[in-house]
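In: from the sequence below, what's the structure:
(one chain, ligands or ions: 1)
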Amino acid sequence: MKIIIINGPNLNLLGKREPDIYGKVTFESYFKMLQEKFPEIKLEYFQSNIEGEIIDKLHDVSIDYDGIILNAAAYTHTSIGIGDAIKAIQAPVIEVHISNVYSREKFRHQSYIAPNASGIIAGFGLQSYELALLSIIK
Ligand code: DQA
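Out: Model prediction:
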(Lines give C-alpha, C1' and ligand atoms only; values in the text may rest on other atoms or scores of the structure.)
Protein backbone atom coordinates (compact mmCIF):
# COMPACT_ATOMS: atom_id res chain seq x y z
CA MET A 1 0.00 0.00 0.00
CA LYS A 2 1.28 3.44 -0.97
CA ILE A 3 0.32 6.58 0.92
CA ILE A 4 1.71 10.09 0.64
CA ILE A 5 1.54 12.95 3.12
CA ILE A 6 1.51 16.36 1.45
CA ASN A 7 2.12 19.39 3.64
CA GLY A 8 1.55 22.97 2.56
CA PRO A 9 3.08 26.34 3.44
CA ASN A 10 4.96 26.96 6.68
CA LEU A 11 4.66 23.35 7.82
CA ASN A 12 8.41 23.00 7.15
CA LEU A 13 8.74 25.10 10.30
CA LEU A 14 6.93 22.66 12.59
CA GLY A 15 8.67 22.44 15.93
CA LYS A 16 9.68 26.10 15.76
CA ARG A 17 6.53 27.77 14.47
CA GLU A 18 3.93 28.82 17.08
CA PRO A 19 4.72 25.80 19.29
CA ASP A 20 1.76 26.54 21.57
CA ILE A 21 -0.53 25.74 18.60
CA TYR A 22 1.50 23.31 16.49
CA GLY A 23 3.75 21.63 19.07
CA LYS A 24 7.50 21.32 19.51
CA VAL A 25 8.15 18.27 17.33
CA THR A 26 9.60 18.61 13.82
CA PHE A 27 7.65 16.91 11.06
CA GLU A 28 10.77 14.99 10.00
CA SER A 29 11.03 13.26 13.38
CA TYR A 30 7.27 12.59 13.52
CA PHE A 31 7.39 11.16 9.99
CA LYS A 32 10.27 8.84 10.92
CA MET A 33 8.22 7.55 13.87
CA LEU A 34 5.24 6.92 11.54
CA GLN A 35 7.42 5.00 9.08
CA GLU A 36 8.74 2.82 11.91
CA LYS A 37 5.23 2.24 13.27
CA PHE A 38 3.81 1.24 9.86
CA PRO A 39 6.66 -0.62 8.11
CA GLU A 40 4.21 -2.41 5.79
CA ILE A 41 3.10 0.92 4.23
CA LYS A 42 5.15 2.66 1.58
CA LEU A 43 4.86 6.07 3.17
CA GLU A 44 6.12 9.20 1.45
CA TYR A 45 6.30 12.84 2.46
CA PHE A 46 6.28 16.00 0.38
CA GLN A 47 6.22 19.60 1.59
CA SER A 48 6.01 22.79 -0.40
CA ASN A 49 5.36 26.45 0.28
CA ILE A 50 4.29 26.91 -3.35
CA GLU A 51 0.69 26.34 -4.42
CA GLY A 52 1.54 25.18 -7.97
CA GLU A 53 4.02 22.61 -6.65
CA ILE A 54 1.32 21.11 -4.45
CA ILE A 55 -1.04 20.93 -7.44
CA ASP A 56 1.69 19.29 -9.57
CA LYS A 57 2.34 16.75 -6.81
CA LEU A 58 -1.37 15.90 -6.57
CA HIS A 59 -1.41 15.28 -10.34
CA ASP A 60 1.77 13.16 -10.15
CA VAL A 61 0.49 10.84 -7.42
CA SER A 62 -3.06 10.72 -8.74
CA ILE A 63 -3.20 7.14 -10.02
CA ASP A 64 -0.38 5.40 -8.22
CA TYR A 65 -1.35 5.93 -4.58
CA ASP A 66 -3.96 4.36 -2.31
CA GLY A 67 -4.45 7.58 -0.40
CA ILE A 68 -3.26 11.14 0.03
CA ILE A 69 -3.09 12.81 3.44
CA LEU A 70 -3.21 16.52 2.71
CA ASN A 71 -2.56 19.36 5.11
CA ALA A 72 -2.77 22.26 2.68
CA ALA A 73 -2.23 24.63 5.64
CA ALA A 74 -3.23 28.22 4.75
CA TYR A 75 -4.04 27.17 1.15
CA THR A 76 -6.92 25.14 2.61
CA HIS A 77 -8.76 28.39 3.11
CA THR A 78 -7.82 30.12 -0.16
CA SER A 79 -6.95 27.72 -2.96
CA ILE A 80 -9.61 26.97 -5.55
CA GLY A 81 -6.74 25.46 -7.60
CA ILE A 82 -5.93 22.80 -5.01
CA GLY A 83 -9.66 22.13 -4.54
CA ASP A 84 -10.05 21.61 -8.31
CA ALA A 85 -6.96 19.34 -8.40
CA ILE A 86 -8.56 17.05 -5.81
CA LYS A 87 -11.69 16.85 -7.96
CA ALA A 88 -9.55 15.93 -10.96
CA ILE A 89 -7.60 13.03 -9.45
CA GLN A 90 -8.48 9.49 -8.49
CA ALA A 91 -6.77 8.79 -5.17
CA PRO A 92 -8.84 9.50 -2.06
CA VAL A 93 -7.74 12.62 -0.17
CA ILE A 94 -8.02 13.02 3.60
CA GLU A 95 -7.90 16.64 4.77
CA VAL A 96 -5.80 16.97 7.90
CA HIS A 97 -5.09 19.80 10.32
CA ILE A 98 -2.92 19.77 13.42
CA SER A 99 -5.05 22.39 15.16
CA ASN A 100 -8.83 22.48 15.46
CA VAL A 101 -9.40 25.05 12.73
CA TYR A 102 -13.08 25.37 13.74
CA SER A 103 -12.13 26.71 17.17
CA ARG A 104 -9.88 29.36 15.63
CA GLU A 105 -10.41 32.51 13.52
CA LYS A 106 -13.42 32.53 11.19
CA PHE A 107 -11.29 32.57 8.02
CA ARG A 108 -10.00 29.11 9.00
CA HIS A 109 -13.55 27.70 8.93
CA GLN A 110 -13.60 27.92 5.12
CA SER A 111 -12.09 24.94 3.27
CA TYR A 112 -11.69 24.46 -0.48
CA ILE A 113 -10.45 20.92 0.23
CA ALA A 114 -13.36 19.61 2.31
CA PRO A 115 -16.06 19.39 -0.40
CA ASN A 116 -13.98 16.87 -2.33
CA ALA A 117 -12.16 15.13 0.52
CA SER A 118 -13.07 11.62 1.67
CA GLY A 119 -12.89 12.86 5.25
CA ILE A 120 -11.47 15.52 7.54
CA ILE A 121 -9.38 15.13 10.69
CA ALA A 122 -8.48 18.22 12.71
CA GLY A 123 -7.39 19.15 16.17
CA PHE A 124 -5.44 16.12 17.38
CA GLY A 125 -1.98 17.61 17.01
CA LEU A 126 0.43 15.58 14.87
CA GLN A 127 -1.66 12.53 15.74
CA SER A 128 -4.17 13.81 13.15
CA TYR A 129 -1.83 12.35 10.48
CA GLU A 130 -1.80 8.90 12.10
CA LEU A 131 -5.60 8.92 12.40
CA ALA A 132 -5.82 9.76 8.69
CA LEU A 133 -3.39 6.94 7.89
CA LEU A 134 -5.49 4.47 9.88
CA SER A 135 -8.62 5.61 8.05
CA ILE A 136 -6.98 4.75 4.71
CA ILE A 137 -5.58 1.40 5.90
CA LYS A 138 -8.97 0.32 7.24
C1 DQA B 1 -3.21 24.17 9.76
C2 DQA B 1 -4.31 25.19 10.06
C3 DQA B 1 -4.29 26.32 9.03
O4 DQA B 1 -5.34 27.24 9.30
C5 DQA B 1 -2.98 27.06 9.10
O6 DQA B 1 -2.92 28.06 8.11
C7 DQA B 1 -1.79 26.15 9.02
C8 DQA B 1 -1.85 24.86 9.70
C9 DQA B 1 -3.13 23.08 10.84
O10 DQA B 1 -2.53 22.05 10.55
O11 DQA B 1 -3.67 23.24 11.94
O12 DQA B 1 -0.76 26.52 8.50
O13 DQA B 1 -3.49 23.55 8.54
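In: show me where this structure has helices.
Out: With DSSP state H as the criterion, the chain has helices at 19-22, 27-37, 51-61, 80-88, 127-137.
In: what does the chain put close to the ligand?
Out: 10, 71, 73-74, 76, 97-99, 101, 108 (Cβ under 6 Å from any ligand atom). In short, each C-beta sits where N, CA and C put it, glycine included.
In: tabulate the residues you listed (a markdown table), appending distance to Gln47 and neighbour count.
Out: As requested, these are exported to a markdown table (distance: Cβ to Cβ, whole Å; neighbours: other Cβ atoms under 10 Å):
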| residue | distance to Gln47 | neighbour count |
| --- | --- | --- |
| Asn10 | 10 | 14 |
| Asn71 | 9 | 24 |
| Ala73 | 10 | 18 |
| Ala74 | 13 | 15 |
| Thr76 | 15 | 24 |
| His97 | 15 | 21 |
| Ile98 | 13 | 23 |
| Ser99 | 17 | 17 |
| Val101 | 19 | 19 |
| Arg108 | 20 | 17 |
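In: what lies in contact with stretch 18-27?
Out: Applying Cβ atoms under 8 Å, 6 or more residues apart in numbering, the external contacts of stretch 18-27 come out as 7, 11-12, 14-15, 45, 47, 98-99, 125-126.
In: now these in TSV, with pLDDT?
Out: Listed next are these as TSV, based on pLDDT from 0 to 100:
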residue	pLDDT
Asn7	98
Leu11	97
Asn12	97
Leu14	96
Gly15	93
Tyr45	97
Gln47	98
Ile98	98
Ser99	98
Gly125	97
Leu126	97
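In: put the buried members of these into a PyMOL selection.
Out: Restricted to buried positions by 16 or more other Cβ atoms under 10 Å, the PyMOL selection for those reads:
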select buried, resi 7+11+12+14+45+47+98+99+126
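In: go through the residues of the chain next to the ligand and flag which are in strands.
Out: The strands, defined by DSSP state E, take in 71, 97 from those.
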